[in-house]
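S.K.: sequence first, then the predicted structure, then my questions.
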There are 2 protein chains.
Amino acid sequence: MSSRAPSTVPTITDVAEQAGVSIKTVSRVLNREPGVHEQTRENVLKVVAALNYRPKLSARSLAGARSYLIGMLYYDPSAAFVGGIQKAAAVRCREAGYHLVVESLENDAVDIAEQVERMVSALRPDGMVLIPPICDNAQVLATLRATRTPCVLISPGGTGHGMARVAMDDELAAEELTNLLISLGHQRIGCIQGAPDQAASGLRFSGFQRALAAHGLSLDPALIHVGDFTFPSGVEGAHRLLSRRNPPTAVFASNDDMALGVLAAAQRLGMQVPADLSIVGFDDSPAASLVWPPLTTVRQPLAEMARVAVEMLTERAAPGDEEGASAGAEPPSRVIAHELVVRDSTAAPRPVARAGNTPS
Amino acid sequence: MSSRAPSTVPTITDVAEQAGVSIKTVSRVLNREPGVHEQTRENVLKVVAALNYRPKLSARSLAGARSYLIGMLYYDPSAAFVGGIQKAAAVRCREAGYHLVVESLENDAVDIAEQVERMVSALRPDGMVLIPPICDNAQVLATLRATRTPCVLISPGGTGHGMARVAMDDELAAEELTNLLISLGHQRIGCIQGAPDQAASGLRFSGFQRALAAHGLSLDPALIHVGDFTFPSGVEGAHRLLSRRNPPTAVFASNDDMALGVLAAAQRLGMQVPADLSIVGFDDSPAASLVWPPLTTVRQPLAEMARVAVEMLTERAAPGDEEGASAGAEPPSRVIAHELVVRDSTAAPRPVARAGNTPS
DNA sequence: CTGAAAGCGCTTACAG
DNA sequence: CTGAAAGCGCTTACAG
């Protein structure tokens, strides 16, 4: 009986037979290689459509130099950040005929290098996209370099690592945000820094400083709190800054999660935002517009950054590109434009000195 | 010169040679097949470690019946929801020697079926995890069924589709949440429903009704608003319900995003939460605990659901399982326990009638 | 308990 | 412009 014939998935051989050509010709057509007679091409394509043939990735990968896989190392400090990047990356991969493989890591796991190595040796991805905080993990970077995996870091870090990078200008954005506060009339501005081991923290703080300096405002060390990008650290920072005898009239939080912590703390203390306290965040996370008042912040161009990162990888993955890329040339670094999002958490400070305003 | 020898990645042949066995034996050891002499096994493992050998996925996939790939169809209505599931799924995949491939879809794209079909034919994943709202998309489900791809829906939908499913008990959780409100003393409770085309909406509303009925409370149609799971629809619903002559003292929102909309609207109207209005949400999204007051809600067991879903798929992918699984037997359906999270957005209603409370 | 042979479905050189 | 041959690195039957 016919125990095999009909339900089997078509292969390149089936297409070649029906089209009356060799499998090599089918391969040429599918890979858009030049030098195929137009009529032959059309005929092959017709059979491909009729059979609904799709080349099998594992066979292409095994025979050829490319895997058509892009890896993304995932660690979830802020799901929204990761989600925005990943979505755009997946879309761009599909457009380029690639697929996105996601691996979830623990940033502080002892065997993180081995986890990465396992993934790379099993999948042999044509490239890897790294996002914060993984892109600042020395072990991961070393492993990837050792396996000669092309990488693009979505990271503002100026540290180099000798790897390609795409990012927004964190320092400039922080400066713009601070300028906004200053132009509103704020003179005493508190700052809640991000996690010390992430490059963005330093850059944002640097932009904050630059704006103050440019306006001749001094920076009171008592108004600076070192947080870690989490909501609780924002709450803690707010309590510290707002309980001072001479509290700030505005707070620059290095990301939205901490800004939300400041907002919650202020509201709990009975303060009105923005009347008693202006707050700015950073990221434009979903929650930033889901609170009252909605947060003034800066929108990271996540989708654009992800798209560019994937493009750098897929375009580079063209066969025979090994040499050019590895030559001592400086790895590419792209800066994507950001956008200030002015909402309702910022306003001019109270006209008169209300220094005794904060609760005991 | 040695233009080839050293830098090449080791293959199964290299291991076999160094261990003095055939590649078949190496294969047996790596796949934990029984019937290998213990000493042979140890020796092979030693060589594997020495060479740092890792089998190449594409070769395994091409030769064997499994791809070691699990697909996840992604569409982002709520990044936090997706993120929580995905992270746990990726971890479980890694533990089982699998990899998670993510594809981002547009739920309303006209060619969504083709997108899914392309992914499936290229990757041949051993299984697919579907999450809301994709798991309610008829086109996607039909395509997956046609390609005979094993699926697990992370969906509370009782619709069946003849596919395996894992979910929490949305109806029960909604009932518990409503009971909490009732036990606090609320009698007039508003409800903001979720998107009509998602199974969860109906179940949560049903649980809400059940609780009211069990306590002999009538359900005022004027206190029901049909939302779509988004923040703006929560704001809109709040305005509608709170502007009534006899407004509710509590609102049951079918998810956190809408609950946050209600909260923002109430605060904007100058109301105190929970003193003037109690609010409950659903999901325990990150933002739920990032606002003041933090939301009373129910925690979806995302990680556990994802873990179970992947397990159903990887355990099922064992070779030779085709028959048993496709036999007319009812597909498995697992219910994962949820957890009520009582925070500060709920309290007893004002003791006296303050019906005239709401702003004009 | 172990192995030799065949084959998975493509791409890569190499010819013509 | 087109094709025959070889091979990618594994697993699947099948022997012994």
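M.R.: Thanks, I have it. Residues are numbered from 1 along each chain as shown, chains lettered A, B, ... in the order given.
S.K.: which stretches in the stretch 1-150 of chain A count as helices?
M.R.: Under the criterion DSSP state H, counting those that start in this stretch, the stretch 1-150 of chain A carries helices at the ranges A:12-19, A:23-30, A:38-51, A:57-63, A:79-95, A:112-123, A:138-146.
S.K.: what's the domain layout of chain A?
M.R.: With domains defined by automatic domain parsing, chain A comprises A:12-55, A:69-169+A:301-339, A:170-299+A:342-357.
S.K.: save those as TSV, and put in mean neighbour count too.
M.R.: For the C-beta atoms, the positions are set from N, CA and C on the backbone; glycine is no exception. Shown next, in TSV, are these (neighbours: other Cβ atoms under 10 Å in any protein chain shown):
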stretch	mean neighbour count
domain A:12-55	15
domain A:69-169+A:301-339	20
domain A:170-299+A:342-357	21
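S.K.: quick one: which of the ones you listed is nearest B:Glu304?
M.R.: Nearest of the domains of chain A to B:Glu304, taken as Cβ to Cβ: domain A:69-169+A:301-339 at 15.3 Å.
S.K.: so how far is that closest one from its chain's centroid?
M.R.: Centroid separation for domain A:69-169+A:301-339 versus its chain: 9 Å, with Cα atoms, centre = their mean, to the nearest Å.
S.K.: end to end, how far does that domain reach?
M.R.: For domain A:69-169+A:301-339, the first and last residues are 32 Å from each other (Cα to Cα, to the nearest Å).
S.K.: close to DNA strand D, is it?
M.R.: No: for a cut-off given as Cβ under 7 Å from any atom of the strand, domain A:69-169+A:301-339 has no contacts with DNA strand D; the smallest distance is 8.7 Å.
S.K.: so for that domain, mean pLDDT?
M.R.: Averaging pLDDT along domain A:69-169+A:301-339 yields 85.
S.K.: quick one, which of the helices of the stretch 1-150 of chain A gets closest to A:Arg210.
M.R.: Ranking the helices of the stretch 1-150 of chain A by proximity to A:Arg210 (Cβ to Cβ) places helix A:79-95 first, at 24.4 Å.
S.K.: what's the angle between that closest one and helix B:79-95?
M.R.: In terms of direction (axes from the mean of the first three to the mean of the last three Cα atoms, to 10 degrees), helix A:79-95 departs from helix B:79-95 by 70 degrees.
S.K.: turn the domains of chain A into JSON lines, including distance to B:Ser27.
M.R.: Below are the domains of chain A laid out as JSON lines (distance: least, Cβ to Cβ, whole Å):
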{"stretch": "domain A:12-55", "distance to B:Ser27": "26"}
{"stretch": "domain A:69-169+A:301-339", "distance to B:Ser27": "15"}
{"stretch": "domain A:170-299+A:342-357", "distance to B:Ser27": "43"}
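S.K.: for these, which one sits closest to B:Val36?
M.R.: Using Cβ to Cβ, the nearest of the domains of chain A to B:Val36 is domain A:69-169+A:301-339, at 22.1 Å.
S.K.: picking up where we left off before, out of the helices of the stretch 1-150 of chain A, which gets nearest to A:Ser278?
M.R.: When those are compared by Cβ to Cβ, helix A:79-95 sits nearest A:Ser278, at 23.2 Å.
S.K.: mind listing residues that contact the closest one?
M.R.: Helix A:79-95 is contacted from outside by A:70, A:72, A:74, A:76, A:99-100, A:102, A:129, A:131-132, A:154, A:283, A:285-287, A:300, A:302-307, A:309-311, A:314, B:74, B:76, B:79-80, B:82-84, B:102-104, B:115, B:118-119, B:286, using Cβ atoms under 8 Å, 6 or more residues apart in numbering or on different chains.
S.K.: next one: stretch A:226-244
M.R.: The contact list for stretch A:226-244, computed with Cβ under 8 Å, 6+ apart, reads A:77-78, A:190, A:192-196, A:198, A:201, A:222-223, A:225, A:247-248, A:251, A:253-255, A:257-262, A:264-266, A:269, A:271, A:277, A:358, B:289-290.
S.K.: now, these that are in helices?
M.R.: A:Ser201, A:Asp257, A:Met258, A:Ala259, A:Leu260, A:Gly261, A:Val262, A:Ala264, A:Ala265, A:Ala266 (DSSP state H).
S.K.: now do the contacts for A:Pro133.
M.R.: A:Tyr75, A:Pro77, A:Asn107, A:Ala195, A:Asp197, A:Gln198.
S.K.: do that again at 10 Å, thanks
M.R.: A:75, A:77-78, A:107-108, A:140, A:155, A:195, A:197-200, A:229 (Cβ atoms under 10 Å, 6 or more residues apart in numbering or on different chains).
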